[in-house]
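Q: What shape does this take:
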Amino acid sequence: MRLLVIGGGWFVGRAIVAAANGAGHEVTVFNRGRTPVELPASVRHVRGDRERESDLRRLAGAGPWDAAIDVPGVVPAQVRDAARHLATVVGQYMFVSTVSAYRDWPAVAVSEESTLHDAAPDANPDDWAWGTGVYGPLKAGAEAAVRREVGVERATIVRPGVILGPYEYGGRLTWWLRRAVRGGRIVAPGSPHRPIRPVDVRDLAAFIVKLAENGVPGVFNVAGPPGRDTFGDFLTACLTATGDRGTVTWVDDKWLQTHGVREWVELPLWRTAPGTWAIDTGRAGEAGLSCRPLRQTVSDTWSWMAAGGQPVELARQSMHGLDPERETALLAAWDEFLRNQR
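A: Residues are numbered from 1 along each chain as shown. Below you'll find the predicted structure:
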């Protein structure tokens, strides 16, 4: 197949390029070329900025492709313009969205039929930032733009939850691994039995390529297998991968909340909302999603980090993690709380 990957240089896009190239497909990558990335020799690189109409016209002239995979699109107007210019030169337009597009996530469980945020397919904010609550609505608007420009029968929308693995730039797994390396007592949130369902970036990429190969339209939620992994499994894998330097102290959810510890941010992957990991992925499973063991994701990510791997630098990384002095203070306060309970 001839596949176009918009993005292709950071994390998910990089994994999609590797999966598609490894499967023997003819891959073209379209991006600005600002991030140093070693693309396989067989991959064609078209440099350009999706915000420039002239670059989109030039990209369309490099087609046709069986499918375009839009990885980094967030702003609806920018996704709209790309889909509009490529509509006549691609068979299928695939858009990597997010479970944050659901209006009621993470408060409740979600399926592909759950209500999305109200969003405009032509929205074009001058600026946006992580943590401001606009990411999900913007992605929902971008989805609407794709469906309008190419038609629902040619649109494939993939809505992943938490994505982990080598080259991760969000600072979730990478923070926990660095914390495990530092050793000592580690604050762990809630219970080791809390289920979590992150997906390995390479498994997400392989699934997206499979959907492209089969020409499958529609919407697919993507997360790890239900009932398989727990937060305890995750932290054990982090400690094992890095040499078992630390010990875990499990601290009550409500106590952490009372002490102002920010969920999802200061302790990455910790969220008490009941729908956080309650994501219906049955449709993706039927379409061929396969997930490797979580411990392999953790181990491979640490191997990449230990070999000098560095993620793309973004402000988002600084959002995640608990300050060491704050963690020490929390542990002392938790110990005192337990003593007073006796």
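Q: use CA for all of it now, contacts and neighbours both
A: Fine.
Q: Tell me the pLDDT of Gly131.
A: Looking at Gly131, its pLDDT reads 60.
Q: And for the one 3 residues further on?
A: The confidence metric pLDDT takes the value 90 at Val134.
Q: so what's the backbone phi/psi at it?
A: phi -100, psi -10 (degrees, to the nearest 10).
Q: Same question for Glu168.
A: phi -60, psi 130.
Q: Now do the longest helix out of those in the chain: distance to the chain's middle.
A: Determined from DSSP state H, the single longest helix within the chain is helix 324-341. Put simply, helix 324-341 sits 33 Å off its chain's centre (C-alpha atoms, centre = their mean, to the nearest Å).
Q: Using CSV, write out every CA atom in stretch 110-129.
A: Provided in CSV are the C-alpha atoms of stretch 110-129 (Å, rounded to 0.1, in the frame of the first residue of the first chain):
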residue,chain,number,x,y,z
VAL,A,110,-17.4,5.2,27.5
SER,A,111,-18.0,3.4,24.3
GLU,A,112,-17.7,4.6,20.7
GLU,A,113,-21.4,5.6,20.9
SER,A,114,-20.8,7.9,23.9
THR,A,115,-21.5,11.6,23.5
LEU,A,116,-18.7,13.8,22.3
HIS,A,117,-17.9,17.3,23.3
ASP,A,118,-19.8,20.0,21.4
ALA,A,119,-17.2,21.2,19.0
ALA,A,120,-17.0,23.1,15.7
PRO,A,121,-15.2,21.6,12.7
ASP,A,122,-14.0,25.0,11.7
ALA,A,123,-12.6,26.2,15.1
ASN,A,124,-9.3,27.9,14.8
PRO,A,125,-8.0,29.1,18.2
ASP,A,126,-4.9,31.2,18.0
ASP,A,127,-3.3,29.2,20.9
TRP,A,128,-4.1,26.4,23.2
ALA,A,129,-2.2,24.6,26.0
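Q: Show me the strands in the stretch 101-250 of the chain, by range?
A: 155-160, 163-164, 184-189, 195-196, 199-200, 218-222, 229-230, 246-251 (DSSP state E, counting those that start in this stretch).
Q: closest to Glu266 out of those?
A: Among the strands of the stretch 101-250 of the chain, strand 184-189 comes nearest to Glu266, with 10.4 Å by C-alpha to C-alpha.
Q: which parts of the closest one are buried?
A: Arg185, Ile186, Val187, Ala188, Pro189 (16 or more other C-alpha atoms under 10 Å).
Q: name the helices or strands packed onto that strand?
A: Counting by 3 or more C-alpha pairs under 8 Å, 6 or more residues apart in numbering; DSSP states H and E, the packing neighbours recorded for strand 184-189 are strand 246-251, helix 324-341.
Q: ok, back up a step: with pLDDT and distance to Glu313 as extra columns, can I get the buried residues of strand 184-189 in JSON lines?
A: Output for the buried residues of strand 184-189, formatted as JSON lines (pLDDT from 0 to 100; distance: C-alpha to C-alpha, whole Å):
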{"residue": "Arg185", "pLDDT": "98", "distance to Glu313": "28"}
{"residue": "Ile186", "pLDDT": "98", "distance to Glu313": "26"}
{"residue": "Val187", "pLDDT": "98", "distance to Glu313": "26"}
{"residue": "Ala188", "pLDDT": "98", "distance to Glu313": "26"}
{"residue": "Pro189", "pLDDT": "98", "distance to Glu313": "27"}
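Q: and of those, the nearest to Asp122?
A: Pro189 (40.3 Å).
Q: Deepest-packed of the helices and strands packed on strand 184-189, please.
A: strand 246-251 (a mean of 17; mean count of other C-alpha atoms under 10 Å).
Q: how much space between the spatially closest residue to Asn221 that is not a sequence neighbour and Arg271?
A: Using C-alpha to C-alpha, 6 or more residues apart in numbering and skipping the chain neighbours, the partner closest in space to Asn221 is Arg159 (4.7 Å). Remark: distance between Arg159 and Arg271 (C-alpha to C-alpha, to the nearest Å) = 19 Å.
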